[in-house]
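Asker: kindly return the folded structure for what I paste below:
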Amino acid sequence: MIHRIAPLLLFVQPLAAISLPENEAALEVTAEDVATRRQWALAELERVLGEREWKNLTNGPRSTFFREMQGKLLDELMFSGPLPDEPAKMMRIAEALWKEFRGDFSDRRELTTAAAVALMYAREKWPEDQASSRYRYFRDSRKAGKLHPVFDTLETWEKRFVVSAGGNGGWAGDEGWGEQSMTWLRDNVKLPVKDYTGACWQAPYRLENVFGDSIHGPKYYAPFNHMIHAERVREVGGVCGSLSHYGATAARSNGIPAITMGEPGHCAYAVRTARGEWTPAYSLSWERGLHTSLWGRTWTQLVLQEKVLGEKYATDRSSIHLWQARALKSKNPELAEKAYKQALAAQPLGQPAWIEYVTWLRDSRKLDALHWKKVHDEALAALAAYPEAAWEVILAVQSTMMKDVPPDERMPFLLAFHNVIASQKGPVMWDLPKALDEQVKLLGNPALELEFFEQVVTLEAKSESWLAPVVAWGSERFGKGGNTTWFEALGRGLATGSGGAAGESTRKALRPAILAAAATGNVEAFQALAKVVTPTEFPKLPPMEPFAGELLSSGGLLQLSTTSGWDAPESHAAVLEEKGGRLHTDSELHPHVLVRLAKLGELSGIVVADASTGYNASRIVPVKISVSEDGQSWQEVFRSEKPGGPWRVPLDGKAARVGWVKVERDDERKEVFHLSAIHVYGRRLQ
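Answerer: Now for the predicted structure:
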């Protein structure tokens, strides 16, 4: 049966015939006003298609499709996140699906899948002639009851993260992660949603195949070309790229949103384990470049677009105002600016709208510094909870207006950003040092850079998230060659910002920053802070025989279950190095220490030791040591009730993929726990 909409909605006037708003009151719309929302959706569609494509769509053989798509299909295409770069291609795909599967479109579950396919296959280098196969795969899999039930709860924008299964954000045919692999994964990898974060480990990590061919060469999979790609990855193996694509495609093939993403020297993935919650998998760093995203490539933008697109009423209304602004900006710039403001008022978290607005102001409006400052402050207030997203907008504003800011006012202006974000934890770690680099360029005076650093430290001194990367940036920029002046600036900034008296120990002031860097998993900041406060005294360790291979703990990160007045966070990093350091929990039940290795590895052994003797040594036992790939699921590898140590744990052939090590006291006493060395040896796997 062909799905038809009410005749009243079939013949909406094209843009040329739309009566554009003439005053601010005429801009007002509600997202529930079906006729108005579809009128503006068509106006925007005409704008992005251009005159030639619009006439081609609305006249002649395509006009029947054009009339019928003005119902629910138009809504799904236009109100499901940003349009692809090739809207004409999107419409051709939507039309082809409508012609082949038009009887399906009365079922909204199939309609949203078709719209998602049209939106994603309209991306550059995605073959539109393959869109039909992708739609058919999900339609038939759903009807056969082979997809996870979560698939039927997804909106079109959410399905865009499902139907885009492929390789590194691009289309992949049957030689890769196409429908053959998807069918195999659908039928062979059936898991609860959250367990898809571990699906990658169904495939073995192998740099070389059984014939000794490296995965970096052309022969690794060549002997196994008779196998479906997903199957041969599980049987033959691979490294991070193959394993992450296996895990992400397994989730998508079963109707669950997932993505792959690049990290420094590594490939990881993420699974949408619940509405509003993306969970990283096989991830080794916060530095993630998303292979699939509706806008932006950072993890912050993934989190932000999840929230924005989930607020459908506000975001739909904001979209209509954006379309108004685009239609008005060449004819009535002042009213266009008001439309942009209404779009941002409707959905203040719409980062792409902020960027579009700022770009238009820069290119088309002659604003004075005071007007720009107002835009700056409004954007910063709106996006403060997402500092990375806020910075991308603020940089555009600051770069534009800095030439009009008097030199003596530039530093306070730049510091306003830090004053606002200092109280925000933010959803994720981000590249704040890069932002600081941009800001000192805008400052335009190298002689003031160290003072700027000191002022930033003062503002961020109490921040749980941002002090550590600020200090890491200062260490890198000012601390090379034995320069100590930056250290003095750091001390002054910390003393002022933390409210402590002048001369307060910088080492003591940095302790919260070190613990915060550890808590957020920021290995780089943790290590940078450790270098600032390098211990001058080391524990007297007992003789410790190493195991074969690299010291994989070196350069890693250490987290304690609690800290205490006896603890020395500035010495935590040294616990993972040859000379050892010091850690000390509070008195508690089941105290533990987590070590995130600097390198994922196949372990040869672990050595744990403490410099304590007598009664102090008895507080450590019974000691239990466990290993984990992801810091979530643990495998016990050692337990001892004998005090004194050092405890040596040979692990050849017993710990093939380890990213984390846990050392804990395994009894029911409420007591402190302390160690001087946790050394992990083996072969790196990345």
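
Asker: could you count how many residues lie near the closest residue to P622 other than its chain neighbours?
Answerer: Among residues not flanking P622 along the chain, E641 sits closest, at 4.3 Å (CB to CB, 6 or more residues apart in numbering). All C-beta spots, glycine's among them, are computed from the backbone N, C-alpha and C. Neighbourhood size, E641 [other CB atoms under 10 Å]: 9.

Asker: backbone torsions only: list them for E641.
Answerer: E641 adopts backbone torsions of phi -100, psi 0, taken as degrees, to the nearest 10.

Asker: got it, and V233?
Answerer: phi -60, psi -40.

Asker: tell me how far it lies from Y220.
Answerer: Shown here: V233 relative to Y220, a distance of 10 Å by CB to CB, to the nearest Å.

Asker: who's more crowded, the two?
Answerer: For V233 versus Y220, the count of surrounding residues by other CB under 10 Å is larger for V233: 26 against 22.

Asker: so which elements touch the longest helix anywhere in the chain?
Answerer: Looking across the chain with DSSP state H, the single longest helix is helix 34-58. Contacts defined by 3 or more CB pairs under 8 Å, 6 or more residues apart in numbering; DSSP states H and E place helix 34-58 against helix 63-69, helix 72-78, helix 87-101, helix 312-328.

Asker: next, the buried residues of the helix or strand where K531 lies.
Answerer: Element membership for K531 (DSSP states H and E) is helix 523-532. The neighbour-count check on helix 523-532 (16 or more other CB atoms under 10 Å) flags 523-530, 532 as buried.

Asker: do stretch 441-449 as well
Answerer: Result for stretch 441-449 [16+ other CB under 10 Å]: buried residues 442-443, 449.

Asker: returning to what we had before: JSON lines for the helices and strands packed on helix 34-58, including mean pLDDT?
Answerer: Below are these laid out as JSON lines (pLDDT from 0 to 100):
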{"stretch": "helix 63-69", "mean pLDDT": "93"}
{"stretch": "helix 72-78", "mean pLDDT": "96"}
{"stretch": "helix 87-101", "mean pLDDT": "97"}
{"stretch": "helix 312-328", "mean pLDDT": "96"}
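
Asker: nearest to H245, of these?
Answerer: For H245, the closest of the helices and strands packed on helix 34-58 is helix 87-101, at 24.2 Å, according to CB to CB.

Asker: and that closest one, what other elements does it pack with?
Answerer: Applying 3+ CB pairs under 8 Å, 6+ apart, one finds that helix 87-101 makes contact with helix 34-58, helix 63-69, helix 72-78, helix 108-121, helix 131-143.

Asker: got a list of contacts for it?
Answerer: For helix 87-101, contacts defined as CB atoms under 8 Å, 6 or more residues apart in numbering pick out 45, 48-50, 53, 57, 62, 65, 68-69, 73, 77, 83-84, 105, 110, 114-115, 117-119, 121-122, 128, 131-132, 135-136, 139.

Asker: let's see it at 6 Å
Answerer: Residues from elsewhere that reach helix 87-101 (CB atoms under 6 Å, 6 or more residues apart in numbering): 48-49, 53, 65, 84, 114, 118, 121-122, 128, 131-132, 135.

Asker: now for the residues you listed, which pair is the farthest apart?
Answerer: Maximum distance among these (CB to CB): 23.5 Å, for V48 and S132.

Asker: picking up where we left off before, tabulate the helices and strands packed on helix 34-58 (CSV), appending distance to H376 and mean neighbour count.
Answerer: As requested, the helices and strands packed on helix 34-58 are exported to CSV (distance: least, CB to CB, whole Å; neighbours: other CB atoms under 10 Å):
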stretch, distance to H376, mean neighbour count
helix 63-69, 41, 18
helix 72-78, 31, 22
helix 87-101, 32, 20
helix 312-328, 19, 22
